[in-house]
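Enquirer: no letters, just coordinates:
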Ligand SMILES: [Zn+2]
């Protein structure tokens, strides 16, 4: 990966720019420092301005934002909860167009949570692509553990609340089972700016509605590891699909959820986000890894424990966009919104990220639209060329 440091105002021109709302043709994005200062027709650029013209046919779009990344580049966040580990995961995902992410800690001890938060915080101080942290668990339902270690599950106490609300500068996302936490816990998190998502939960419809009323705004990997839709037992999925001010994560890898179910979800009121739930093999060299001391491996595109339980995914964001267009029949521009604009808004970063517009941070991805092959990315105005990696 070659990184080019932009200095004064410079432009990136593309035949198609999707700005998060619409496609504009033959325009250029003017970047100064970390930010976008203007988007204007290529023909109107001052003659003196340095311009990078993308290859014919390439698209430029807001950089992808992935709120669920357990690992990448042969690094698992649970095993390497350090700033260097977080940076290695971010670097592995960047070549697939991810310019912002939340390193995601799978249910672990209080001490590991504390160390992981400090690591993400320290990485975020120097690396603008680290947007915060996602703590998936440990306040989850023992009836829906997935690959999480049941021994880690517990109810939150005062110490947890203090820890989770201790990071004012970053986006903290907590996935929990509403029926396993005390009354008002969700409200207290939400009041402190923590994003709360339902996941690994047996919450009923009524419990989910109550959680939404308290401030829950997310659903982690909708359909997986939660009470299923039932004719007389609607559960969290029905509640999510009726709630316009909520977002749900979709793992579009063809393994986690049938495309028909995801198409059903897209007809609801909630807002979709593409997530990878990625594990260390994504952007790495080794098709296996250890989680909780147990061997996990990638077989036929699935990350699995020996007993066949899915253990995250072998998915990257560029593939998620490609699969969304191909398997869900969604227009490319919608898939790009699900990969960037929607997660930015979910995290409360919608005035800084997820759009290519004046005042937004210059986080962008250039790609070949036929295969969603990533050519270049920009994070806070810093360019990286990925073409040579393919
Ligand atoms: Zn999960």
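Expert: Arrived safely, thanks for sending. Please read these numbers as outputs of a predicted model, since none were measured by experiment. Residues are numbered from 1 along each chain as shown.
Enquirer: rest of the way, CA atoms for contacts and neighbours
Expert: Noted.
Enquirer: all helices of the stretch 101-250 of the chain, in order?
Expert: Assigned by DSSP state H, counting those that start in this stretch, the helices in the stretch 101-250 of the chain fall at 110-126, 158-164, 185-191, 205-214, 235-241.
Enquirer: what lies in contact with the first one?
Expert: By Cα atoms under 8 Å, 6 or more residues apart in numbering, the list of residues contacting helix 110-126 from outside reads 77-78, 81-84, 86-87, 103, 105, 130-133, 135, 160, 163, 167, 170.
Enquirer: what comes up buried for that helix?
Expert: Residues of helix 110-126 classed as buried under the neighbour-count rule (16 or more other Cα atoms under 10 Å) are 113, 115-124.
Enquirer: which among the residues you listed gets closest to residue 208?
Expert: residue 113 (25.4 Å; Cα to Cα).
Enquirer: related to what we said a few turns ago, in JSON lines: the helices of the stretch 101-250 of the chain, plus mean pLDDT and distance to residue 28.
Expert: Shown next, in JSON lines, are the helices of the stretch 101-250 of the chain (pLDDT from 0 to 100; distance: least, Cα to Cα, whole Å):
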{"stretch": "helix 110-126", "mean pLDDT": "97", "distance to residue 28": "28"}
{"stretch": "helix 158-164", "mean pLDDT": "97", "distance to residue 28": "41"}
{"stretch": "helix 185-191", "mean pLDDT": "97", "distance to residue 28": "39"}
{"stretch": "helix 205-214", "mean pLDDT": "98", "distance to residue 28": "41"}
{"stretch": "helix 235-241", "mean pLDDT": "97", "distance to residue 28": "38"}
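Enquirer: kindly reformat those helices as JSON lines containing distance to residue 71.
Expert: Listed next are the helices of the stretch 101-250 of the chain as JSON lines, based on distance: least, Cα to Cα, whole Å:
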{"stretch": "helix 110-126", "distance to residue 71": "13"}
{"stretch": "helix 158-164", "distance to residue 71": "21"}
{"stretch": "helix 185-191", "distance to residue 71": "25"}
{"stretch": "helix 205-214", "distance to residue 71": "29"}
{"stretch": "helix 235-241", "distance to residue 71": "27"}
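Enquirer: what helix or strand does the residue nearest the centre of the chain sit in?
Expert: The residue lying closest to the centre of the chain (Cα atoms, centre = their mean) is residue 66, at 1.6 Å. Following DSSP states H and E, one finds residue 66 within strand 64-69.
Enquirer: sorry, back to before: so the closest residue to the residue nearest to the centre of the chain other than its chain neighbours bridges to which residues?
Expert: Spatially, and ignoring its direct neighbours in sequence, residue 66 is nearest to residue 101 (4.7 Å; Cα to Cα, 6 or more residues apart in numbering). For residue 101, the beta-bridge partners are residue 66, residue 130 (DSSP bridges).
Enquirer: against residue 268, how distant is residue 381?
Expert: In this view, residue 381 and residue 268 are 36 Å apart by Cα to Cα, to the nearest Å.
Enquirer: the residue nearest to residue 66 against residue 131, yeah?
Expert: Yes - taking contacts as Cα atoms under 8 Å, residue 101 lies within contact range of residue 131: 5.8 Å.
Enquirer: mind checking pLDDT for residue 3?
Expert: Confidence at residue 3, expressed as pLDDT, is 44.
Enquirer: kindly report the same for the one 5 residues further on.
Expert: At residue 8 the predicted local distance difference test score is 87.
Enquirer: again with the one 10 residues further on
Expert: Reading off the per-residue confidence, residue 18 sits at a pLDDT of 98.
Enquirer: repeat that for the one 5 residues further on.
Expert: According to the model's per-residue confidence, residue 23 sits at a pLDDT of 98.
Enquirer: tally of neighbours for it?
Expert: Number of residues near residue 23 (other Cα atoms under 10 Å) recorded here: 16.
Enquirer: re the thing from before, quick one: buried ones out of the contacts of helix 110-126?
Expert: Among the contacts of helix 110-126, those buried by neighbour count (16+ other Cα under 10 Å) are 77-78, 81-83, 86-87, 103, 105, 130-133, 135, 167, 170.
Enquirer: thinking again about what came up before, my guess is the residue nearest to the centre of the chain contacts residue 316, does it?
Expert: No - the pair residue 66 / residue 316 is not scored as a contact, 9.3 Å apart, by Cα under 8 Å.
Enquirer: so what sits against both of these two?
Expert: Shared contacts of residue 66 and residue 316 (Cα under 8 Å, 6+ apart): residue 276.
Enquirer: now the closest residue to residue 30 other than its chain neighbours: how far from residue 289?
Expert: Nearest residue to residue 30 in three dimensions, chain neighbours excluded: residue 11, at 4.3 Å (Cα to Cα, 6+ apart). As judged by Cα to Cα, residue 11 and residue 289 stand 42 Å apart.
Enquirer: now do residue 131
Expert: Counting by Cα to Cα, the separation of residue 131 from residue 289 is 25 Å.
Enquirer: related to what we said a few turns ago, for the buried residues of helix 110-126, work out which two are farthest apart.
Expert: Maximum pairwise distance in the buried residues of helix 110-126, criterion Cα to Cα, is 16.2 Å, between 113 and 124.
Enquirer: so where is the stretch 251-390 of the chain shaky, pLDDT-wise?
Expert: Residue ranges of the stretch 251-390 of the chain with pLDDT under 70: 388-390.
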